[in-house]
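Asks: Okay, predicted coordinates and the sequence, questions at the end:
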Amino acid sequence: MLKKLINDYQYGFSLEQDFYTDPEIYKAEIENIFLKSWLFAGHASQIPNSGDFFLFEFDQESIIIVRTKDGAIKAHLNVCRHRGSHICLEKKGTAKAFTCPYHAWSYDLKGSLISARLMSDDFDKSDNGLHQAHVELIGGLIFISLAEKPLSLKAMRDDLGDVFDTFGFDNMKLAAQKSFPIAANWKLAVENYQECYHCAPSHQEFAKVHAMAASPAIFKKNKENYLDRADENIRTKESSYYFDLAKNGEEGYQYGRNPLLEGKKTGSFDGEGLAPFLGKITAYDGGASEFMVGPVNFFLIYNDHMLGYRFMPMSHGTCCCDVFWFVRDDAIEGKDYDVEKLTWLWDITTQADEQIIINNQKGVASHFYKPGKLSEMEHFEQNFLNWYLKTMR
Amino acid sequence: MLKKLINDYQYGFSLEQDFYTDPEIYKAEIENIFLKSWLFAGHASQIPNSGDFFLFEFDQESIIIVRTKDGAIKAHLNVCRHRGSHICLEKKGTAKAFTCPYHAWSYDLKGSLISARLMSDDFDKSDNGLHQAHVELIGGLIFISLAEKPLSLKAMRDDLGDVFDTFGFDNMKLAAQKSFPIAANWKLAVENYQECYHCAPSHQEFAKVHAMAASPAIFKKNKENYLDRADENIRTKESSYYFDLAKNGEEGYQYGRNPLLEGKKTGSFDGEGLAPFLGKITAYDGGASEFMVGPVNFFLIYNDHMLGYRFMPMSHGTCCCDVFWFVRDDAIEGKDYDVEKLTWLWDITTQADEQIIINNQKGVASHFYKPGKLSEMEHFEQNFLNWYLKTMR
Amino acid sequence: MLKKLINDYQYGFSLEQDFYTDPEIYKAEIENIFLKSWLFAGHASQIPNSGDFFLFEFDQESIIIVRTKDGAIKAHLNVCRHRGSHICLEKKGTAKAFTCPYHAWSYDLKGSLISARLMSDDFDKSDNGLHQAHVELIGGLIFISLAEKPLSLKAMRDDLGDVFDTFGFDNMKLAAQKSFPIAANWKLAVENYQECYHCAPSHQEFAKVHAMAASPAIFKKNKENYLDRADENIRTKESSYYFDLAKNGEEGYQYGRNPLLEGKKTGSFDGEGLAPFLGKITAYDGGASEFMVGPVNFFLIYNDHMLGYRFMPMSHGTCCCDVFWFVRDDAIEGKDYDVEKLTWLWDITTQADEQIIINNQKGVASHFYKPGKLSEMEHFEQNFLNWYLKTMR
């Protein structure tokens, strides 16, 4: 059925209902997408010291992200190798080892089984370490892959190394985080993030700062104006190896820089600055960068702070949108930035999106829903759909 | 499996368990019954002015019932033709147009797409109006059909035109409405409404007014007495083209008139009158009429007010019973009728039925439930089962 | 799929994920296990007088356990033979007859239909009694079987008659009962009860009294010491016809006696006595007996009180653990025993297990869960798995 649905997809239109409602398609998505792609798990600044950990959870999975004694970051499946119990019950904390609360099998920070009481002589502890997820850091951003052989991030690193350097990806900290559980299939949430056709009617706060909410013609003019005045130290050249365009064996990614409205400095209530400049930035130049890697991880980089967006499936009809705010790591809360002001724009915007996405799910569940025509402003969503259908084939 | 269950049905007995518990049978019911039959959506008095609307919702469907500028009543699927969002989020209100909260596609009251920002030149707005349900009015009663080609109501209209005239169907208003969500399959609720075998043990308030709670022999005597004294201007002749007896291509319907107990005027606490006489009625004659059209819409017409009953499926294990009270449209609340007194009998009766139906669902879910023999007093329920099985074939 | 899973099971390891998450396997378990095995329903002391009843409920079933006029105990399915309603809505009480709240069909305490209003002449009441479950008493313990032809309990009775006599099974009363609903598949709860590998890390209160929490070597020494000093009137010889070892056509059972820690008398906060000696017991001898019959019914017999444990499935992902505390029937609450002290140990232990089992379910749901190796201390759990797989074959 899935094959037929994929083959019957009509380019330029939204997806058929079953993609949003069928539990079997959801299972295939977990296998083909979430167990294979790179997923943004969190930030190194959340676990500065040895033994610091937090849980990254989605669908039926719980993964322990932990700092080991040698300072590395590891990702362990939170599943005891004995009889499968969750071994770590706290959402975050500091541990010397992870001891299963059931039978006290104990794993060190690297996930090796160091103690299993009273097991028979033929039991080999070295065969019974926690299942590992692959981990890669992009600056302080922690990505994990649950694939046996993960997609390569090399092309992305070679291409965007200068961007990470400019924005100081190595020198950020997590300033705030909010989670928005949404009663809708995860794709409706990603589609929502991937298009700004809805920004003008739905997000007036956003539209007061960002040029992207405007029509394609006006946006084009804004972009041209911006490129004239852009800070030459900040990359404006686009990279679009995202989604269906990624090379075989490589994770898709994308980079671009877009204009704010004339006179606006950053994503705030009034367009005024919110925090010290990131990395090597020395001035507001009226732009903001988009960086995406993998299908559900999105970053919006202002000159003075960075947003992270992550959309994770919880069940076929529910997902969770997690929003992260980053500032430079030596910025002092209360002095250099105010958390409430920092988070205002994207908190209010995500609250609005949450309602939009729920109402979208209600409608696509109707017997009378039919795929509708996408607008030019939904071309990034079209890219996502292309990639999705190719990946699910 | 459904075919076998239908073929194996034993006349005179209740249905097999699967009919009440199987999600696949429920899906077939939505297709074969609820997307094909006429459904009572509400009353014209709820939307007196241009732009007034309310939502009629069941299963996964939401339908906007709206008064257009020319005074007509239309029914639009609440599903945007762009990406499927619900376009109308309020349960009732007044609108000049329906603008989708997602991307601001805007539809006029007739459901035509009047504005879709920034769509490409080859996009044809006239192809993208809201999906329409068919609408027919019986007096002020609004019926809709989601079928492509709806069943005909002509035979019913030709037969019962005098009844609608006598009771003034054109001159009623909705006086009150209550919804009773019930944790049971919708058929158990309809079956409950279709028989009065349970009235004597379960509904003593009803049994104090209505002869129908009595045994067949006593009811027969009451009916004969009533027919002797009945108001000759009110039709007593029965029409039974309901359920399995309807002609091909026509919606089933039924009309009959039944006695109240000696000395009772209407369905009230003490049998005393509740409101001004309906239509052309000039006196209490000790009777009440039943009118049904379509499988889940029932009307009980006293001389001074009318009840509407509607049973809609919400999921295979839940349904909603909506009760409507109508009075003549020039009656003044607080002066001519008291809402609390008006609604007392059927509010208390429906509350009791809600519990009965839930306990029925619990029992039919047992491995040890077997269809049981119906009594003579359940012959209307048998009619319903006959029609149901024929329709699902 | 089930056959393959059973055939692929690797001895010495925990079960594959599907056994804990698949609704189809759950349905097969209801058919093959719960509708066939003997189930502990409750205790005769709960219904001392004619008409006293309580409900025993699991999955979709509700069973009325009732004392009839001749003093016998009967078990009736709580499903009306007319249209299937639950006939008894109270969880416990006293009745002269059971009258269905729907249409007033009335059944006597033996389950015979004694009244069905207005049914046709060809309706035979004697064909329409309530469906009966088989009942057997072991002392005051009420067991029921929903099988058409129940498994025999004769071998168990012949073998253990002296045990029931020693502990005075005929002369106990229910002193307390608590229910623990658990968000996990029922097998995880039974497996938890079947092994004490987790007792040392998870149940320090239990481990302060019971030798079973210790390592096999230490437990062996404790047991040898105990057998030297054991009361010769209390049976210490083990019987293990439990689970896969039961003869064809017979219900499995098991009896054994295990040591408490040196100086401990019974299962209490400090190991001190809690109630008058059971049956013919005249002293604390530092032991406690285990008695099991059927797959989900477990009894722990101290010299001064008895525990009953029952694990019933509610859905494929939820179960209920019911705990019963028994004392000798002439003991007086507040004088001879204190309910709070009596229930303390197993209340706190079961609360801990509830959390353990829920966390186990979360982990086995992961894509990365794999069956793990069992320890020597989990050999009773292995017995349970052997029996389960054989029974499901």
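Replies: Sure thing, it's come through.

Asks: so what's the residue of the stretch 151-300 of chain A found nearest chain B up against?
Replies: Nearest residue of the stretch 151-300 of chain A to chain B (Cβ to the nearest Cβ) works out as A:Pro201 at 3.8 Å. (Each C-beta comes from the backbone N, C-alpha and C, glycine too.) Applying Cβ atoms under 8 Å, 6 or more residues apart in numbering or on different chains, we find A:Pro201 in contact with B:99, B:101-104.

Asks: could you redo the last one with a cut-off of 10 Å?
Replies: A:207, A:213, A:356, B:99-106, B:117 (Cβ atoms under 10 Å, 6 or more residues apart in numbering or on different chains).

Asks: what sits up against the lowest-mean-pLDDT helix or strand in chain A?
Replies: When the helices and strands of chain A are scored by mean pLDDT, DSSP states H and E, strand A:239-241 comes last with a mean of 82. The contact list for strand A:239-241, computed with Cβ under 10 Å, 6+ apart, reads A:155-156, A:159-160, A:163, A:245-247, A:250-256, A:291-293, A:380, A:383.

Asks: Can you give me the buried ones in that strand?
Replies: A:239, A:241 (16 or more other Cβ atoms under 10 Å in any protein chain shown).

Asks: neighbouring strands for it, and are they parallel or not?
Replies: Here strand A:239-241 is paired, per DSSP bridges, with strand A:253-259 (antiparallel).

Asks: Grab the CA positions of the strand it pairs with and hand them over as CSV.
Replies: Extracted in CSV, the C-alpha atoms of strand A:253-259 (Å, rounded to 0.1, in the frame of the first residue of the first chain):
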residue,chain,number,x,y,z
TYR,A,253,22.1,19.5,5.0
GLN,A,254,21.4,23.0,4.0
TYR,A,255,22.7,26.5,4.7
GLY,A,256,21.3,29.9,3.7
ARG,A,257,21.2,33.4,4.9
ASN,A,258,18.0,35.5,4.8
PRO,A,259,17.2,39.1,5.4
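
Asks: mean confidence for that strand?
Replies: Per-residue pLDDT values over strand A:253-259 give a mean of 95.

Asks: Tell me the helix or strand right after it.
Replies: Counting by DSSP states H and E, the next helix or strand C-terminal to strand A:253-259 is strand A:287-293.

Asks: tell me which element the residue of the stretch 151-300 of chain A closest to chain B is part of?
Replies: Counting by DSSP H and E, A:Pro201 is part of helix A:199-202.

Asks: Next: A:Arg157.
Replies: helix A:154-166.

Asks: what does A:Gln177 give?
Replies: Short version, using DSSP H and E: A:Gln177 is in strand A:172-182.

Asks: That strand and chain C, any residue contact?
Replies: No - using Cβ under 10 Å from any Cβ of the partner chain, strand A:172-182 stays clear of chain C, with a minimum separation of 17.5 Å.

Asks: Show me the shaky parts of the stretch 1-150 of chain A.
Replies: Along the stretch 1-150 of chain A, the model assigns pLDDT under 70 to no residue.

Asks: In it, what residue lies closest to chain B?
Replies: Nearest residue of the stretch 1-150 of chain A to chain B: A:Ser14, at 4.7 Å (Cβ to the nearest Cβ).

Asks: Tell me where the stretch 101-250 of chain A has helices.
Replies: Using DSSP state H, counting those that start in this stretch, the helices of the stretch 101-250 of chain A run over residues A:154-166, A:186-193, A:199-202, A:204-207, A:216-229.

Asks: any idea which of the ones you listed is most buried?
Replies: Among those, helix A:186-193 has the highest mean neighbour count (mean count of other Cβ atoms under 10 Å in any protein chain shown), at a mean of 24.

Asks: related to what we said a few turns ago, so who does the residue of the stretch 1-150 of chain A closest to chain B touch?
Replies: With contact set as Cβ under 10 Å, 6+ apart, A:Ser14 has these partners: A:20, A:188, A:191, A:360, A:364, A:369-374, A:378, A:381-382, A:385, B:82-84.

Asks: Same check on A:Glu232?
Replies: So A:Glu232 contacts A:Asp285 (Cβ under 10 Å, 6+ apart).

Asks: And the pLDDT for it?
Replies: Note for A:Glu232: predicted pLDDT of 91.

Asks: Likewise for A:Asp244?
Replies: 61.

Asks: And for A:Ser179?
Replies: As summarised for this prediction, A:Ser179 has a pLDDT of 98.

Asks: can you pull up the bridge partners for it?
Replies: With beta bridges defined as DSSP bridges, A:Ser179 has these partners: A:Asp322.

Asks: Let me see the contact set for it.
Replies: By Cβ under 10 Å, 6+ apart, the contact set of A:Ser179 is A:310, A:312, A:320-323, A:350.

Asks: go on, A:Pro276?
Replies: Per Cβ under 10 Å, 6+ apart, neighbours of A:Pro276: A:303-305, A:327-328, A:330-332, A:335-337.

Asks: would CSV of those with pLDDT, secondary structure and distance to A:Lys265 be doable?
Replies: Output for the contacts of A:Pro276, formatted as CSV (pLDDT from 0 to 100; DSSP: H, G, I helix; E, B strand; the rest coil; distance: Cβ to Cβ, whole Å):
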residue, pLDDT, secondary structure, distance to A:Lys265
A:Asn303, 98, coil, 7
A:Asp304, 98, coil, 8
A:His305, 98, coil, 11
A:Val327, 98, strand, 15
A:Arg328, 98, strand, 16
A:Asp330, 98, coil, 20
A:Ala331, 98, coil, 16
A:Ile332, 98, coil, 20
A:Lys335, 98, coil, 19
A:Asp336, 98, coil, 15
A:Tyr337, 98, strand, 14
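
Asks: So among those, which ones count as buried?
Replies: A:303-305, A:327-328, A:331, A:337.

Asks: Look up the closest residue to A:Val66, ignoring the ones flanking it.
Replies: Ranked by Cβ to Cβ, 6 or more residues apart in numbering or on different chains and with sequence neighbours excluded, the top spatial neighbour of A:Val66 is A:Phe53, at 4.0 Å.

Asks: so how far is the least confident helix or strand of chain A from its chain's centroid?
Replies: The chain centre lies 17 Å from the centre of strand A:239-241; the measure is Cα atoms, centre = their mean, to the nearest Å.

Asks: now stretch A:374-388
Replies: On Cα atoms, centre = their mean, the centre of stretch A:374-388 falls 18 Å from the chain's centre.

Asks: Does chain B have contacts with it?
Replies: Yes - against chain B, stretch A:374-388 shows contacts by Cβ under 10 Å from any Cβ at A:374-378, A:381.

Asks: Just the CA trace of that stretch, in CSV.
Replies: Output in CSV follows, covering the C-alpha atoms of stretch A:374-388 (Å, rounded to 0.1, in the frame of the first residue of the first chain):
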residue,chain,number,x,y,z
LEU,A,374,1.1,23.9,-2.8
SER,A,375,2.1,27.5,-3.3
GLU,A,376,5.4,28.8,-4.5
MET,A,377,6.1,29.8,-0.9
GLU,A,378,5.9,26.1,0.1
HIS,A,379,8.9,25.0,-2.1
PHE,A,380,11.0,24.0,0.9
GLU,A,381,8.1,21.8,2.1
GLN,A,382,8.0,20.3,-1.4
ASN,A,383,11.7,19.5,-1.0
PHE,A,384,10.9,17.8,2.3
LEU,A,385,8.1,15.8,0.7
ASN,A,386,10.4,14.8,-2.2
TRP,A,387,13.0,13.6,0.3
TYR,A,388,10.5,11.8,2.5
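
Asks: Show me which parts of it are buried, residue by residue.
Replies: Under the neighbour-count criterion of 16+ other Cβ under 10 Å, stretch A:374-388 has A:374-375, A:377-378, A:380-385, A:387-388 buried.

Asks: now do stretch A:355-370
Replies: Residues A:356-369 are the ones in stretch A:355-370 that count as buried (16+ other Cβ under 10 Å).

Asks: repeat for stretch A:109-129
Replies: Counting neighbours by 16+ other Cβ under 10 Å, stretch A:109-129 gives A:109-111, A:113, A:116, A:118-119, A:128-129 as buried.

Asks: Sort out which of those are in strands and list them.
Replies: A:Leu113 (DSSP state E).

Asks: how close does the residue sitting nearest the centre point of chain A sit to A:Phe34?
Replies: Centroid-nearest residue in chain A, with Cα atoms, centre = their mean: A:Asn297, separated by 2.3 Å. Noted for A:Asn297: a distance of 12 Å to A:Phe34, by Cβ to Cβ, to the nearest Å.
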